[in-house]
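Undergrad: need the 3D shape of this:
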Amino acid sequence: MRAFFTGLILIVTFVIQSTILQYVEILNVKPNLLIIFVVFFALLRGSVEGGIIGLCAGLLMDLLAAKVFGVHSLLGLYIGVVIGYFNQQIFKESNIVAIFLVVICTFSYEVLYFFFSIFIWEESNLLFALINIIIPETIYNAFLAIPLYWFVVRINRWLEGTNKIHKRYW
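TA: Numbers count the residues shown, from 1 in each chain. Next up is the predicted model:
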């Protein structure tokens with residue numbers, strides 16, 4: 001049950017990102033809801049589920065806009081596993097921790113994607129990418145993370161509750 005709703009949320013997030021958010025640009029930068037989604041669910045559920053969610057989100061991003069298939073999948077998997085690893089060590093109910101992790105992960109994701117693009121496509125203007133893409137997207141995701149974290153925490157509590165009920169009766 002929990003996997004079904006998590007997958008449904010992932011698909012709805014992907015649809016919103018690939019349709020509506022294509023028209024919501026600030027400084028020619030679009031937010032990346034899938035990174036936010038991966039960070040939040042990895043933080044709340046652990047490294048195994050975080051890695052699976054990150055891999056699935058990366059596959060969806062690869063389907064949408066990848067020049068080389070697998071780069072987004074690999075980065076999503078790593079983000080999910082690394083953030084999920086800290087599941088037990090940090091206070092995950094804190095909005096500040098969640099926003100900080102979104103900032104760190106968005107920045108890391110975009111920098112790593114830029115380095116992949118250097119090695120694969122020979123694009124090498126790091127200063128331009130930092131000023132015009134990476135830093136604005138990081139700030140954009142941080143502001144979106146504020147209301148989205150409240151929503152994801154509520155959904156996660158509901159999913160954990162339905163999972164306990166489902167286990168009790170089956």
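
Undergrad: in the helix or strand encompassing His72, what's buried?
TA: His72 is part of helix 71-85 when elements are defined by DSSP states H and E. Going by neighbour count (16 or more other C-beta atoms under 10 Å), the buried part of helix 71-85 is 71-73, 75-84. Any C-beta I mention is one placed from the backbone N, CA and C, and that applies to glycine too.

Undergrad: show me what that helix is packed against.
TA: helix 33-45, helix 47-65, helix 95-121 (3 or more C-beta pairs under 8 Å, 6 or more residues apart in numbering; DSSP states H and E).

Undergrad: can you put those helices in JSON lines and add mean pLDDT, distance to Met1 and mean neighbour count?
TA: Listed next are the helices and strands packed on helix 71-85 as JSON lines, based on pLDDT from 0 to 100; distance: least, C-beta to C-beta, whole Å; neighbours: other C-beta atoms under 10 Å:
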{"stretch": "helix 33-45", "mean pLDDT": "91", "distance to Met1": "14", "mean neighbour count": "26"}
{"stretch": "helix 47-65", "mean pLDDT": "91", "distance to Met1": "14", "mean neighbour count": "20"}
{"stretch": "helix 95-121", "mean pLDDT": "87", "distance to Met1": "24", "mean neighbour count": "17"}
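
Undergrad: turn those helices into CSV, columns for distance to Leu144.
TA: Formatted as CSV, these follow (distance: least, C-beta to C-beta, whole Å):
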stretch, distance to Leu144
helix 33-45, 6
helix 47-65, 15
helix 95-121, 8
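
Undergrad: just so I know, which of these lies nearest Trp158?
TA: Ranking the helices and strands packed on helix 71-85 by proximity to Trp158 (C-beta to C-beta) places helix 33-45 first, at 12.0 Å.

Undergrad: which strands and helices lie in contact with the closest one?
TA: helix 2-18, helix 47-65, helix 71-85, helix 95-121, helix 135-169.

Undergrad: quick one on the thing from earlier: what's the average pLDDT for the helix holding His72?
TA: In this model, helix 71-85 has an average pLDDT of 92.
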